[in-house]
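Chemist: return atomic coordinates for the entry below.
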Amino acid sequence: MNGNNAEQTVRNAAGFQQPLVLTVGQDIRGFLFKHLGRLALFALTVTSVLAVFLIFLFVILEAFPFLGKFSIVEFLTGTAWYPEAHGTPEFGVLALIVGSVYVTAAALVFSVPIGVLSAIFLSEIVSFRIRNIVKPIIEILAAIPSVAYGFFAVLVLAPWLQKYLGFTSGTNALNASLLLSIMALPTIISVAEDSLSATGRELREASYGLGATRFETTFKVVIPAAHSGIIAAIVLGMMRAIGETMVVWMASGNASQIPHPWWNLSQSVRTMTATIAGEMGETVKGSDHYRALFAIGLLLLLMTLLLNLVSEYFLTRAKKSLGKS
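Modeler: Numbers count the residues shown, from 1 in each chain. As a prediction, the model looks like this:
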């Protein structure tokens, strides 16, 4: 009796819901559940990796006939995109690349200062209670469908640009850049704020102990300590902007040209994503035009892969600098 009470006491103290000594059947069931759970998680992980690999393989196989038939140098440096021209079609994507980089860079000009300053505001100034209210509201912006942003760009922002700024066309690079900057803000703010908050209270208290003000602590101690995470946030925001399709298709004007002068955002441009979305449904399967669109998709995949590697590099540096490696 005393032995049973002692066993029950130990079991309750340890928080176990089953006997300390298992039967053969219980031991076998535990072994099977443990390994089946690991197998299920391993299968899910392998499936995700395999799906990404198959997507890459599919795009490469569809683009390879075009890359083997036409000059890659002319494809990357040509400025004329006339894939359905009679006689000699032209497949130059330089203007499309410039258009994608152009609206993305302009979007970052708007979103990076606002995003980083907002992250500093949430991390360093407002109370924790207000932060927990404001940050989820900002992150909700990422859940708004891109087609809703596109309708806003066409129906509201485009007429406003024409009326108050005197643009001949409201669908231009500025229109697309403004919407892309809004779409990139949740990513930049969330990742940058997490990086700033992860620097820890000890670093701030050490700075205050040396007589630094809050402004000096924020901009001379906290931000330099979290700079790798902030850069990663900017790169992730860039990926969000450069991979966007619907907004740039509806708001950029879709003119295949290199902006001149470069600072004139009132010009219409065309991006790689908008070209794929706008033309894929109208091309003949297996044609040169069809293969060229997959070649653009492959180029876009390589660009986003490079940006992803850059962001991972800076995120790893941020973790190491904060002692979390």
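Chemist: and the strands in this structure?
Modeler: With DSSP state E as the criterion, the chain has strands at 81-82, 90-91.
Chemist: so which of these is nearest residue 65?
Modeler: strand 90-91 (12.9 Å; CB to CB). In this view, the C-beta of every residue, glycine as well, is placed from N, C-alpha and C.
Chemist: returning to what we had before: mind putting the strands of the chain into JSON lines with mean pLDDT and distance to residue 287?
Modeler: Output for the strands of the chain, formatted as JSON lines (pLDDT from 0 to 100; distance: least, CB to CB, whole Å):
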{"stretch": "strand 81-82", "mean pLDDT": "92", "distance to residue 287": "14"}
{"stretch": "strand 90-91", "mean pLDDT": "92", "distance to residue 287": "12"}
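Chemist: out of these, nearest to residue 276?
Modeler: Nearest to residue 276, of the strands of the chain and by CB to CB, is strand 81-82 at 12.0 Å.
Chemist: can you redo the strands of the chain as TSV with mean neighbour count and distance to residue 145?
Modeler: Shown next, in TSV, are these (neighbours: other CB atoms under 10 Å; distance: least, CB to CB, whole Å):
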stretch	mean neighbour count	distance to residue 145
strand 81-82	18	28
strand 90-91	18	32
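Chemist: so which of those strands gets nearest residue 307?
Modeler: strand 81-82 (23.5 Å).
Chemist: where's residue 48 relative to residue 54, distance?
Modeler: Note on residue 48: its distance to residue 54, by CB to CB, to the nearest Å, is 11 Å.
Chemist: what do you get for residue 319?
Modeler: Taking CB to CB, one finds residue 319 at 31 Å from residue 54.
Chemist: so these two - more neighbours on which side?
Modeler: residue 319 (15 against 10; other CB atoms under 10 Å).
Chemist: that older thread, CSV for the strands of the chain, including distance to residue 65?
Modeler: CSV is the format used below for those (distance: least, CB to CB, whole Å):
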stretch, distance to residue 65
strand 81-82, 19
strand 90-91, 13
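Chemist: report the longest helix in this structure, please.
Modeler: helix 24-69 (DSSP state H).
Chemist: am I right that residue 293 is in contact with residue 277?
Modeler: No - applying CB atoms under 8 Å as the test, residue 293 and residue 277 come out as separate, 9.6 Å apart.
Chemist: okay, those two: which has more neighbours?
Modeler: Each of residue 293 and residue 277 has its neighbours counted (other CB under 10 Å); residue 293 has more, 24 against 16.
Chemist: state the distance from that one to residue 81.
Modeler: Residue 293 is 11 Å from residue 81, by CB to CB.
Chemist: give the residues shared as contacts by those two.
Modeler: Common contact partners of residue 293 and residue 81 (CB atoms under 8 Å, 6 or more residues apart in numbering): residue 275.
Chemist: shaky segments in the stretch 1-150 of the chain?
Modeler: 1-22, 24 (pLDDT under 70).
Chemist: what's the local residue count around the nearest residue to residue 175 once chain neighbours are set aside?
Modeler: Among residues not flanking residue 175 along the chain, residue 251 sits closest, at 4.4 Å (CB to CB, 6 or more residues apart in numbering). Counted by other CB under 10 Å, the residues lying close to residue 251 total 30.
Chemist: unless I'm mixing things up, residue 251 is touching residue 150, no?
Modeler: Yes - at 6.2 Å, residue 251 counts as touching residue 150 under the criterion of CB under 8 Å.
Chemist: identify the contacts common to the two.
Modeler: residue 179.
Chemist: for residue 128, give its distance to residue 209.
Modeler: Per CB to CB, residue 128 is found 22 Å from residue 209.
Chemist: got it, and residue 99?
Modeler: In this view, residue 99 and residue 209 are 52 Å apart by CB to CB.
Chemist: compare those two (neighbour count), which wins?
Modeler: Shown here are residue 99 and residue 209; by other CB under 10 Å, residue 99 has more neighbours (31 against 8).
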